[in-house]
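Undergrad: need coordinates for the below:
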Amino acid sequence: MNRIILLFAVIFGMSFTAMAQKTAYVNTQELLGQMPEANEAQKNFEAYYLELQGQFEAMQSEFSTKIKEYEEKGPSWSEIVLETKANELRDIERRINEFQGGIEAKIEKKQEEIFAPLLKKIQKAIEDVGKEEGYDYIYDAAGLLYAKDAFNASNKVKVKLGIK
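TA: Numbering: from 1, shown residues only. The predicted model follows:
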């Protein structure tokens, strides 16, 4: 009988402790979008993207020009010149395919490089608010299916980040 009472006391104590935990959530994507530095970071990212796009278009243009030349002048070239030009076309095509295949990884890497300092700043502000306000947990709103607005700590984090 004492064991049963002890078991109920432990279970009741655990559920009471769980209820006493202080939690909040923030929307990190919203915070990131409102940071003044985010506009500059986005511009840098877009410039990099346009640079890659320009490189890709230049490669495609070179390939198109060489194919056109091959088709127009090919009949008058010797076998050695035809073979050399065909190898050149295959090489350009290979470089285009390699570039195209690695472009996503380059874009992701650059995006991470540009936005990592901002995300670290947000993380630090969240940690500071968590410590100052005594939160046990702060969740990202992106993973929540439902939460009361009263638990939203985004405004406190905005203050830490200097966002109005």
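Undergrad: going by C-alpha atoms from here, please, whenever you check contacts or count neighbours.
TA: Noted.
Undergrad: from residue 60, how far off is residue 36?
TA: Distance of residue 36 to residue 60, computed by Cα to Cα, to the nearest Å: 37 Å.
Undergrad: neighbour-wise, which of the two wins?
TA: residue 60 (15 against 12; other Cα atoms under 10 Å).
Undergrad: surely that one touches residue 96?
TA: Yes. If you go by Cα atoms under 8 Å, residue 60 and residue 96 touch, sitting 7.3 Å apart.
Undergrad: in this structure, what residue spans correspond to helices?
TA: Assigned by DSSP state H, the helices in the chain fall at 2-19, 28-34, 36-73, 79-133, 154-161.
Undergrad: could you export those as a markdown table, including mean pLDDT and distance to residue 146?
TA: Formatted as a markdown table, the helices of the chain follow (pLDDT from 0 to 100; distance: least, Cα to Cα, whole Å):
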| stretch | mean pLDDT | distance to residue 146 |
| --- | --- | --- |
| helix 2-19 | 51 | 17 |
| helix 28-34 | 91 | 16 |
| helix 36-73 | 94 | 28 |
| helix 79-133 | 93 | 20 |
| helix 154-161 | 87 | 15 |
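Undergrad: okay, those helices, which one's buried deepest?
TA: When the helices of the chain are scored by mean count of other Cα atoms under 10 Å, the highest mean neighbour count falls to helix 154-161 (a mean of 18).
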